[in-house]
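>>> Provided below are the primary sequence and the corresponding predicted coordinates.
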Amino acid sequence: MAKKATAEAHLEAIAKGAIEPGCAKVDPILVADNVTRTFGGLTAVNVAHVEIPRGKITALIGPNGAGKTTLFNLLTGFDKPNTGSWNFEGRQLAGVAPHKVARWGMVRTFQLTKALSLLTVLDNMRLGAQDNPGEGFFRAFVKPVWAAKEKEITERAEALLKRFKLDAKSEDYAAALSGGQRKLLEMARALMRDPKLVMLDEPMAGVNPALTQSLLEHIKGLKEHGTTVLFVEHDMHMVRHISDWVIVMAEGKIVAEGPPGDVMKNQAVIDAYLGAHADVDLGTVSIDTVRESK
Amino acid sequence: MWGSFGFGILCAAVFALVLGIPTLRLRADYLAIVTIAAAQALYYAFGTSQFAAVTGGSNGLSEFGGDFYALNPIPKGRYNLGIISLSEKEVWVRVVAWGLVLICAILMYVLTKSPWGRTLKGIREDEDAVRSLGKNVFVYKMQSLVLGGVIGALGGIVFTLSSQTNQPSTWVSNFTFMTWTVLLLGGAATILGPVVGSAVFFMFLMLTQTVLEGLVNIGALPFLSIAQVGQIRYLLVGLFLMLLVIFRPQGFFGNKKEMQFNG
């Protein structure tokens, strides 16, 4: 009983009023209104209202083609919406160039990992830092101007790499990393910027199960560091395991919202978007079963 | 003359800006197409009689380097360097040219080792990734285009000073493609590449000219006339460029892993 009560208190801390698609949050970090994007005759995104709670891990789920990645692209300035406005910490972000969005503390990663292959892992990390005077054209010629900052950045990069267990690879080209390690690198690189909101587009896609657990821990760790996380994911185990809040999209709209346990129980969501066996671990088919069936 | 020196560099920078604004948002191929087209357009513009008062029309200008040679500290006379012999003017041009090469190479080295260079490399790998990290990709591309234009202008200025003539017909697309060959020969994304590449390339050009002429003169190539030799060597250059692309895409110094033609 006591456990249930705390769980409900926890819920109330996220949503303000009734839990329904597009509901208001107690402390939203990102509020979007009327965001639409059409590709020809197809309406990829049509979000009337959505709020992302601050300091929480929010999962954005939905079937393929639901518009999750398009919404990511719109919110971060990588794509332009047909209509809509959204503000991040009270700042209007509609129409702002992607690099400025990142500078204001909203950093994203990509579904297809964009590790800078022919830069070393450490250089990838250093590139993530902001306000390096050596990145200005004229100041780049004068090393004393940027050497101190560069040293500080390198130390931070090394600390982060250690946290992500990539420190042994820091001098290797990013191209030499495995797919899962690149995902880690991309996440670590995004953290170099000290973002207020990290948007991870399918952080688990293509990551081997052994690495999944450590990735999950890293994402939880982000929350402990006070970073808000919004991620797109298909892996329901992961969604259930780490998210505080789940937003379900389908055909461009937000169709359901709520804490993971409740959303997963929502029959419409299960049937239409997750499949009827969403909460059943199908497990692996054992070789004996295969032999017997023969 | 010093005014025109500065004006030339300023023009290069402005030209790069004007070209870059519409094209840097597109893929690199389009930038290449536009620069070639723009060079051709300028060639025709400067060759018209409309501008003859300034540009000398298609005849161009000559004997304009007086101020430059007046600074020559090298005493008059012939200077023998092994198999070649140079006048004091020729020595002076070479000293200044190599001095500029050295300065540019050092500046480029410093720049590539700086965070600015690192950002540019990142942009080469993936623009969107660098954007997502809060860097203004367009500004970096523009800066590097202008920098390239200015270095090109320096080279062009020294080139015209050495012959003291400047005609629009010198700067046709042939010259552009020769420059590309030079860059690819040495290795893209390297510092010494263009330097050694240009030395090797122009030596190759001179050598083939001399050797072929010699062979024609002694009658070893009865199917060629002296006038055809000049053309034949450009055929060889084309062949050379193709072989280079196929067998050594990284050039002399390039890191094959790091840089091939298309980045």
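Nice, thanks for sending it over.
>>> ranges for the strands of the chain?
This is for chain A. Using DSSP state E, the strands assigned to chain A run over residues A:28-39, A:42-53, A:57-61, A:83-88, A:91-92, A:106-108, A:197-201, A:228-232, A:245-250, A:253-258.
>>> try chain B instead
The residue ranges that make up the strands of chain B, judged by DSSP E, are B:61-62, B:78-81, B:84-87, B:165-166.
>>> gap between A:A175 and B:V146?
30 Å (Cβ to Cβ, to the nearest Å). Where you see a C-beta, it was placed from the backbone N, CA and C, and this is true even at glycine.
>>> swap in A:V142?
Here A:V142 is placed at a distance of 19 Å from B:V146 (Cβ to Cβ).
>>> One more: A:A188?
Note on A:A188: its distance to B:V146, by Cβ to Cβ, is 34 Å.
>>> circling back to that earlier point, which of the strands of chain A sits closest to B:L71?
Comparison of these against B:L71 by Cβ to Cβ identifies strand A:106-108 as nearest, at 54.0 Å.
>>> Direction included, what does the closest one pair against?
With DSSP bridges as the test, strand A:106-108 is paired with strand A:197-201 (parallel).
>>> Give me the contacts around the strand it pairs with.
A:29-30, A:52, A:68-69, A:72, A:75-76, A:88, A:105-111, A:187, A:190-191, A:219, A:222, A:227-232 (Cβ atoms under 8 Å, 6 or more residues apart in numbering or on different chains).
>>> Check the model's average confidence along it for me.
Mean pLDDT, strand A:197-201: 92.
>>> roughly how far is that strand from the heart of the chain?
When distances are taken as Cα atoms, centre = their mean, to the nearest Å, strand A:197-201 is centred 3 Å away from the chain's centroid.
>>> got the CA coordinates for that strand in PDB?
Provided in PDB are the C-alpha atoms of strand A:197-201 (Å, rounded to 0.1, in the frame of the first residue of the first chain):
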ATOM      1  CA  LEU A 197      17.600  18.500 -22.200                       C
ATOM      2  CA  VAL A 198      19.100  15.500 -24.000                       C
ATOM      3  CA  MET A 199      17.100  14.000 -26.900                       C
ATOM      4  CA  LEU A 200      18.200  10.500 -27.700                       C
ATOM      5  CA  ASP A 201      16.900   9.000 -30.900                       C
END
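>>> how far off strand A:28-39 does that strand point, in degrees?
With axes from the mean of the first three to the mean of the last three Cα atoms, to 10 degrees applied, the angle from strand A:197-201 to strand A:28-39 works out at 40 degrees.
>>> buried residues in strand A:197-201?
Going by neighbour count (16 or more other Cβ atoms under 10 Å in any protein chain shown), the buried part of strand A:197-201 is A:197-201.
>>> These: which two are farthest apart?
Farthest pair in the buried residues of strand A:197-201, by Cβ to Cβ: A:L197 and A:D201, 13.3 Å.
>>> What degree of burial does the residue nearest to B:T55 when sequence neighbours are not counted show, as a neighbour count?
Here the nearest residue to B:T55 in space, its sequence neighbours aside, is B:F46; by Cβ to Cβ, 6 or more residues apart in numbering or on different chains that works out to 4.6 Å. For B:F46, the count of nearby residues is 21 (other Cβ atoms under 10 Å in any protein chain shown).
>>> okay, A:V142 and B:V146: which has more neighbours?
B:V146 (19 against 14).
>>> I'd guessed A:T120 sits against A:A175; true?
No: A:T120 is beyond contact range of A:A175, at 10.0 Å (criterion: Cβ atoms under 8 Å).
>>> Next, show the common contact partners of those two.
By Cβ under 8 Å, 6+ apart, no residue touches both A:T120 and A:A175.
>>> Neighbour count: these two, which is higher?
Comparing A:T120 with A:A175 by other Cβ under 10 Å, the one with more neighbours is A:T120, at 18 against 15.
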